[in-house]
Every structure is written in structure tokens, then in C-alpha cells.
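In: Make a model of this:
(2 chains)
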Number of protein chains: 2
Amino acid sequence: MAVMTVGAPVSLSRAAILAVGSELLTPLRIDTNSLHITEQLNSLGIDVVFKAVIGDNREELVHAMREVLPRVDLLVLSGGLGPTDDDVTRDAVSEVLGRPMREDEAITDRIRKRFESRGWTMPEINRRQAMVPDGAEVLPNPNGTAPGLWIEHDRGVVVLLPGPPRELKPMLAQLIDGRLRVRCGTMTLRRRVIRITGRTESHTDEALQTLYAEWNRAEVPIAATILAALGQIELHLWARCDAGPVVDSALTRAVEQVQEVLGLDAYSADGRLLEEVVGELLAERGFRIGVGESCTGGLITSRLTDVPGSSRYVDRSVVTYSNAAKTDLLDVPASMIEQHGAVSEPVAEAMADGIRSVAGVDVGIGVTGIAGPGGGTPEKPVGMVCIAAVTPSARRVRTAKFIGGREQVKYQASQAALDMIRRMLLKS
Amino acid sequence: MAVMTVGAPVSLSRAAILAVGSELLTPLRIDTNSLHITEQLNSLGIDVVFKAVIGDNREELVHAMREVLPRVDLLVLSGGLGPTDDDVTRDAVSEVLGRPMREDEAITDRIRKRFESRGWTMPEINRRQAMVPDGAEVLPNPNGTAPGLWIEHDRGVVVLLPGPPRELKPMLAQLIDGRLRVRCGTMTLRRRVIRITGRTESHTDEALQTLYAEWNRAEVPIAATILAALGQIELHLWARCDAGPVVDSALTRAVEQVQEVLGLDAYSADGRLLEEVVGELLAERGFRIGVGESCTGGLITSRLTDVPGSSRYVDRSVVTYSNAAKTDLLDVPASMIEQHGAVSEPVAEAMADGIRSVAGVDVGIGVTGIAGPGGGTPEKPVGMVCIAAVTPSARRVRTAKFIGGREQVKYQASQAALDMIRRMLLKS
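Out: Got it, this is the predicted structure:
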């Protein structure tokens, strides 16, 4: 909650963001401004506790503001500052805070000059953009006609920013370095993301119960959330305190604790993706990799080559969709395909061996499976994928069963193959 | 406002969407589910009047629900249905609607079986997912453990959907075709998306001015928005009226008008992706395709094989990242690479010819370029990509300059290659 100090302005720690614009309530547009605003506020230790999108409707906006104002000390509104009738943000703020509007001649002048500098006459409706609620301080907008507004009230601050990102971002940057920094106290909020394979959300949660309890009691308490994504889960940790280095070292310690508990299952704690981690392991060992891909159709090699500098360890790969291609390009014996079927562990292993030998690389991966939606049988259902990996010192093959549509099966298979090679390289 | 009919259930016309999850209040994640939900509700003529994101905090969620429930007749909540303590949606709904929770044994059984089918034991905490508020109807979730819930109350309906899109989308699709369709009025809102290559946003906009004016005056007015995406632009058309067939035929006519103006640049008006359009053209002609990929690293073949049934026309492809690989696998003369450089039109063409001949397929694509961030020179800068395509009756090669990071360059190159082959196949 906001810390109130008699005689001093409210210190800001809890924020809400309201994005105003009917287009943001269609399937076509999403409010991305709030991500940027959140990142900037978080950097000052201000939490965003709520965000919402409201159409160009004064009554709805008044209602939403009345609702959210008592629950936060900083309310950021973006959009609805244009010159037309459906730009209602200024009016709504005036009504909710009980501050009558007046025209600010300096703003009118600035807007008029902006038009004149382009050889145009200012349309009368742009005067609306010069109307400001009583007591509001004007935030200049060098990139557009709508100025921003900063309004102190008895429980905190309301900030109005223009909607277009190229106008909003510089104005917010000024606030972060100026008015907001001096008003937010010394609190710092930091986050870490740990990416995890080989465990479900609930198994990870169970394994971390003891740590959660410890973090809860700690001097700098650490909060955690687990998020399931396709082919992996993410553990988000965050903490806040009034000394940046203290938060950092608390989070670093927490990450180490998680790594101790989860072992190899925690593959990254610094934002790196699985393909980056695998790439680094290959580069460190001076290994080159090749992939024989059937059901993944090139996705594994495409992910490996998403990483800058991957030409150090990716030389070539083949997509062998047909049986003949597996025989022609990877020397998989036709008799083996005949005997075990194209989706089988022996064929996956022969593909991994094949790409290693025909490409002359150190590490080979072979993947063959049924991505669906057709092609499944009771014995070999859609989602069944055989994955093999061979390094100079080890070989592994497994059969996995993935759930989901064709693209989900492909992605999970690529994830499982990259993870298999990661674990093998770490043990070698 | 909701139309109340005594004795009959409330007809649904105004919806709000609440996305639950603290991760959606960070700079790291955005609520994209609401776009899909909005599109689906709009298709039944249901307007979305408000949307918000709330953290994993029961008190905040209870507060937001109390606030929004009286203002809409349909409230859709997504997320917060997982098994852990911070999954609070079920509890909050139970509190707000005053419906006590009970365990639904059938759900527990289903979750237990889901774990057992993978050889795991169900963790005890997953029982939480079987707790349902009194009077709630269970919406089965074939793609995850968390079932959805449908709850009638005296002023409308509350729907709880799981957060992961692969679970949410099929569940929502069932509701749209079933429970929701029978509960909304006769207003229909329909959208069409026309996907376009080979033109910028503003050139498309200019070309369509006359049509915009005509649509504006029409009996069923049609609204249009152009959205720029990577490697293509999208034209969204929508219209609303109380007779579905009338809206449909107005939109169909508008789509035809756009196609007349844009010609081959409009590649799809029914949701098909470029890889699907190319796949259909190949299948119609009985052609098989192979790709020699350098900078795209397998992405083109991966996109082609994202399409169900693509084994009809994809046989094999090769990723030739190194110069030696281009020579070994695609018979590109080493002297040609020496003379022109690996990123050059002759090499791209030789790669297309090479894959056609070594794979024995009808259509060959060759792509070589500089994806960046390193490797650029003043003469051959980052983003420069040479693309060649050869069919039984034609050949084409071009050099493109793409803007953006490594993944953006890869994607745009894959898009340009697929588009090149589409245009060649249409003319053959």
C-alpha cells in the first residue's frame, strides 16, 4: 500500500494502467504500450497491479477510474487525447477528480505553430487538446499535438500520456528520469526467469515447496510463479527492496537454490533459449552438429540457426520426409524401414548415425514421428516421435508421445531433441 | 444492455474479458487470448466492452468481478485454473457468486488417468482442479488437466477458460458452436481477412480508396483496416446486420472487389496461410518440391511441412549452411562460389537446380543470404538475400533486401521464396 507521510507527497509504489481506445477492444489491435510502461515503472520499483482496456466512452472510463483510483497511488492513462469527440480521457479525468477544465493558451499556441510550420491552418477542433483540468501540469509533446498531463491529487498521481508509441515513449522516459524517480522512493524491483525441461508444472511446484516457504520468511522476500509453455515450463522469481545490490544477490542466491533442486532440468536462468544453450555447449566443445529431420521438417535446424554465429557449429542438415529420402541421403537401410517402420527407434538412430557420417560432423540428431492429424494407427498414434542423438562419446534414443496439433507436436519434438543433446553434452 | 425476458435465459450481447495471471502484469507477457476470444464473440454479434488483466490475487479478482458483473451479461475469465495455490479463479468466482465449492469426482478421475497415461502419479495438488462452484457446468478439456466451467447466474453467464491457448481455443470453439450460439441474439458481425504480398500498407490503401467510399455508402456498410505484418499485409473487412446471409454476401462481394483491384497480390481471403496456398497449387499440379536452404536454415521446409498432408508434395530438402555443403549436396560448383560469393544470384539458382536434380522433384527453391547480425559488407549488407525458383516451365531469381533482426530476415526470406513459387505456379 502507499506510504503516506504527513506534509510530504505520496510515495508511489502501486500503479494501474488504463488504455483508452475502442480499437483496442477489437480482435485487430492489442495494447502493447502497457508492456513498455510496466517495464519502465518496474525499473523504479513501482508494481503494476492492474491493467485494463476501455473503449472511447466517457461513462465507462469515469466508472473504471472511480473504481481503480482508491486502489493505487499512480494511475497511468494512455490514449484518448486526440482532438475529436471520441477522445474522452481529459473530460473523464476532469469529472472524476472534480477539476473543471480550462483552455491553456500556451498549448493552443504550440499546436497552432505546429500546424503553421507545415503550412496548414489549425482546425478549430484541435482547441480541445488545449483543455486541461484545473491544477494539471502540462507535459510537452515534441512528437505530436496532444500534450501529456501530470495531476497530483490527495491520494497520489494521475498521468495522461498520448497513445501513439512514438509520442508516449519519449514523454514517459522524461518522467522516469524526472518527476517519477523523485517520487518513488528507493525501492527496486528485479525479475529472473528460469527455464525448465523434463518436469511438469505441478512436479516442479512440489519440488520447490520448501524453497517457497524459506523465501517467504526471508529478509528480502522472493515471490515465484510457474508458467507452463509448450515443451518447457518457466519459473519467474521477483523481489523488491530499497537497495538494488541486495535484491540482486538475494535473487542470485534463489536461482542457485532452484538449480540445486532441479539439477539439469533448469537449463537457463538468464533468458537464453534452449537453442542458444545447445549452441554454446557445441561451440565450447568445438563440435559441429547435423540433423536428420523427418516429422520436424527442418524446424530443429531452423531453431539452431536462429542463433547469431550458429555457422560455427551448423554445417548442413537434411529433411528426409519420404522413406526413399531417408535411404538416399542418410543411408538408412530400406530393409530396416520395412521391418520396423519409418517411425521407430532403430530408424531414428540410423538417421542420427547417417547425418553424422554423411555430413562428417561430431553430433548427429535423428527425428522421425507422426505429426498428424492423419497417419496415426493404434500402435503408432499421432504425436508419437522417435528421437535419437549421437555424440563422439554417447548415444541415446527415446520414443515420446506428444499431445496437440501438428505444429505443437513438431515444436515439442524439436524441444525434446535439443534437450536430449543438451543433457548428453553436459555429461560428456 | 442485456435484454431480459421473464422466464427465459438472458440473451448475451455485452461481454467483458478478465485475464488472470501475475505474469500478464509483467513486461514479459501479454494477454493475447483476449484477441481470439473477442474475434469469436464478435462472430456471434457479441460486443466486448471491457477487458482487464488481474494478478494471481484472489482479493483483486473478487473486486474486479464484483465491479464488472453488473455491467455485462457475459463475463469470460481466462487463466488461473491450474493446480497451485496461486490459481485463484475458481475460488474467486465461488465467492462472488456465492456458490460453495465441491470436488467433482469425475474430474479427479480424468486428471488421474491423464497422468497415468504418461506413466506418472497424479500429485495431490491437482485435486484443486476438480473443485467446482455449486451449479457450474463442466467444460471438458481434452488438451490439459484444467476443465473449463459454465455458470448461469441471474443476470447472465460466467465462463472460465484455461489460460494456455492450445487448451482455450478448442474449448471456446465448442462454446461458440453450441451454448453461446443459442444464447445470443440475431445480430451478426462478420470479418474477412485478405492476405496480401508485394505491396506496402500505403500503396494498398491508395488502391482501395474508391472501394472504401462505395462501402461507406452501402446498405450494409463495410469497415476496413489495413494491418502491416512481417512479409505481408492484411486487409480486415467487417460488417454487421441482423441477417447473417446478407452480411456474408456483402462481404463476399467486397472481397471480390478487392481481388479485382489487387490481382495476384491478394493471395488468400479465407484464412489460408501462404504455405497452404503454395501446397494446394503443388498438389493440384501433382508437383513435388524440394528446397536448398542456406540462410533460412530449414524454415521454408518447416513452414511447408506445417501443412497437414504436405507429404504429398514434400519429399526432401537440404540445409546447406557451409560452402562445402552447397557443393557436396547440391552440386554447386566451388568455382562459382569462389567467383560470385556464396550469397549471389548464380549460387541461388544453382541451389534451386541442384535440389531439383538431386531430389528428383519438379520444383526447386534455392535461398542464400546474410541473416545477420554479423557477416555483412558494404557490397552485401545484412538482410541481402538471393532467392531462386525453378519449375518445369520457368525459372526466376531475384535479390531482396530485408530489414530487421536475424529471425525477421529469415522469415521475410521464407515468405518471399514461397510467394515467388506461388506466382510462378499460378502463371504456369
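
In: list the buried ones in the longest helix along chain A?
Out: In terms of residue count, the longest helix belonging to chain A (DSSP state H) is helix A:406-427. With burial defined by 16 or more other CB atoms under 10 Å in any protein chain shown, the residues of helix A:406-427 counted as buried are A:406-425. The way it works is simple: take the backbone N, C-alpha and C, and place the C-beta from them, glycine included.

In: right, is it up against chain B?
Out: Yes - with CB under 8 Å from any CB of the partner chain as the criterion, chain B is reached by helix A:406-427 at A:Arg406, A:Glu407, A:Gln408, A:Lys410.

In: can I get these in a markdown table with pLDDT and distance to B:Ser117?
Out: A markdown table is the format used below for those (pLDDT from 0 to 100; distance: CB to CB, whole Å):
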| residue | pLDDT | distance to B:Ser117 |
| --- | --- | --- |
| A:Arg406 | 94 | 21 |
| A:Glu407 | 94 | 22 |
| A:Gln408 | 92 | 17 |
| A:Lys410 | 97 | 21 |
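
In: So what's the residue count around A:Ser202?
Out: 24 (other CB atoms under 10 Å in any protein chain shown).

In: before we move on, back to that, now do the longest helix of chain A: which elements does it pack against?
Out: Contact partners of helix A:406-427 among helices and strands, from 3 or more CB pairs under 8 Å, 6 or more residues apart in numbering or on different chains; DSSP states H and E: helix A:274-285, helix A:299-304, strand A:363-369, strand A:384-390, strand A:395-401.

In: mind checking which of the ones you listed is nearest chain B?
Out: helix A:299-304 (3.8 Å; CB to the nearest CB).

In: what sits against A:Val361?
Out: If you count contacts by CB atoms under 8 Å, 6 or more residues apart in numbering or on different chains, A:Val361 has them with A:Phe287, A:Arg288, A:Ile289, A:Gly290, A:Asp315, A:Arg316, A:Ile355.

In: can you give me the angle the strand or helix carrying the last one makes with strand A:395-401?
Out: Read it as A:Ile355. Under DSSP states H and E, the secondary-structure element containing A:Ile355 is helix A:345-359. Orientation note: helix A:345-359 sits at an angle of 130 degrees relative to strand A:395-401 (axes from the mean of the first three to the mean of the last three CA atoms, to 10 degrees).

In: Okay, buried residues for helix A:345-359 please.
Out: Buried, per 16+ other CB under 10 Å, within helix A:345-359: A:345-356, A:358-359.

In: can you narrow those to ones near chain B?
Out: Among these, chain B is touched by A:Ala359 when using CB under 8 Å from any CB.

In: Show me which pair in the buried residues of helix A:345-359 is furthest apart.
Out: Across the buried residues of helix A:345-359, no pair lies farther apart than A:Glu345 and A:Ala359, at 21.3 Å, counting by CB to CB.

In: Just the ones of the contacts of A:Val361 in helices?
Out: When DSSP H defines the helices, the subset of those inside them is A:Ile355.

In: In terms of pLDDT, where does the residue nearest to A:Ala325 when sequence neighbours are not counted sit?
Out: For A:Ala325, the nearest residue in space outside its immediate sequence neighbours is B:Arg316; the separation is 3.7 Å by CB to CB, 6 or more residues apart in numbering or on different chains. pLDDT, B:Arg316: 97.

In: B:Arg316 is in contact with A:Val318, isn't it?
Out: Yes - checked against CB atoms under 8 Å, the pair B:Arg316 and A:Val318 is within contact range at 6.7 Å.

In: Look up the residues that both of these two are in contact with.
Out: Joint contacts of B:Arg316 and A:Val318 (CB under 8 Å, 6+ apart) are A:Ala325, A:Leu329.

In: Looking at these two, which is more packed in?
Out: Each of B:Arg316 and A:Val318 had its neighbours counted (other CB under 10 Å), and the higher figure belongs to A:Val318 (31 against 26).

In: Who are the contact partners of that one?
Out: By CB under 8 Å, 6+ apart, the residues touching A:Val318 are A:290-293, A:325, A:329-330, A:355, A:358, B:316-319, B:329.

In: Test of understanding: give the bridge partners of it.
Out: A:Gly292, B:Val318 (DSSP bridges).

In: now do A:Leu160
Out: A:Leu77, A:Leu149.

In: Go ahead and confirm A:Gln174 touches A:Leu139.
Out: Yes - here A:Gln174 lies in contact with A:Leu139, judged by CB under 8 Å, at a distance of 7.2 Å.

In: Tell me which of those two has more neighbours.
Out: When A:Gln174 and A:Leu139 are compared on other CB under 10 Å, the one with more neighbours turns out to be A:Leu139, at 19 against 15.

In: picking up where we left off before, the inter-axis angle of the helix holding A:Ile355 versus strand A:363-369?
Out: Relative orientation of helix A:345-359 and strand A:363-369, computed by the same axes, to 10 degrees: 140 degrees.

In: Tell me the secondary structure of the residue of chain A most remote from its centre, please.
Out: Within chain A, the residue lying farthest from the chain centre (CA atoms, centre = their mean) is A:Ser335, at 47.3 Å. For A:Ser335, the reduced secondary structure class is helix; criterion used: DSSP: H, G, I helix; E, B strand; the rest coil.

In: measure it to chain B for me?
Out: Using CB to the nearest CB, to the nearest Å, we find A:Ser335 at a distance of 20 Å from chain B.

In: how near is the closest residue to A:Ser357 other than its chain neighbours to A:Val318?
Out: Distance criterion CB to CB, 6+ apart; nearest residue to A:Ser357, sequence neighbours excluded, is A:Asp331 at 7.2 Å. A:Asp331 is 11 Å from A:Val318, where distance means CB to CB, to the nearest Å.

In: Between those two, which contacts overlap?
Out: Taking CB under 8 Å, 6+ apart as the contact rule, the neighbours common to A:Asp331 and A:Val318 are A:Val358.

In: Nearest to A:Thr188 among the residues of helix A:406-427 next to chain B?
Out: The shortest gap between A:Thr188 and any of those belongs to A:Gln408, at 38.4 Å (CB to CB).

In: Please name the residues that touch the closest one.
Out: A:Leu230, A:Phe402, B:Arg166.

In: Now the stretch 51-200 of chain A against chain B: closest residue?
Out: Shortest the stretch 51-200 of chain A-to-chain B distance, computed as CB to the nearest CB: residue-wise this is A:Ala52, at 3.6 Å.

In: how would you label that residue: helix, strand or coil?
Out: Three-state secondary structure (criterion: three-state DSSP) places A:Ala52 in strand.

In: The residue in the stretch 101-250 of chain A that chain B sits nearest to is in what secondary structure piece?
Out: Nearest to chain B, among the residues of the stretch 101-250 of chain A, is A:Ser202, at 4.6 Å (CB to the nearest CB). In this structure, A:Ser202 is located in helix A:201-207 according to DSSP H and E.

In: what helices or strands is whichever helix or strand comes after that helix leaning on?
Out: As assigned by DSSP H and E, the chain's next helix or strand after helix A:201-207 is helix A:209-217. Judged by 3+ CB pairs under 8 Å, 6+ apart, helix A:209-217 is in contact with strand A:222-229, helix A:244-262.

In: can you put the ones you listed in a markdown table and add mean pLDDT and mean neighbour count?
Out: As requested, the helices and strands packed on helix A:209-217 are arranged in a markdown table below (pLDDT from 0 to 100; neighbours: other CB atoms under 10 Å in any protein chain shown):
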| stretch | mean pLDDT | mean neighbour count |
| --- | --- | --- |
| strand A:222-229 | 86 | 18 |
| helix A:244-262 | 94 | 16 |
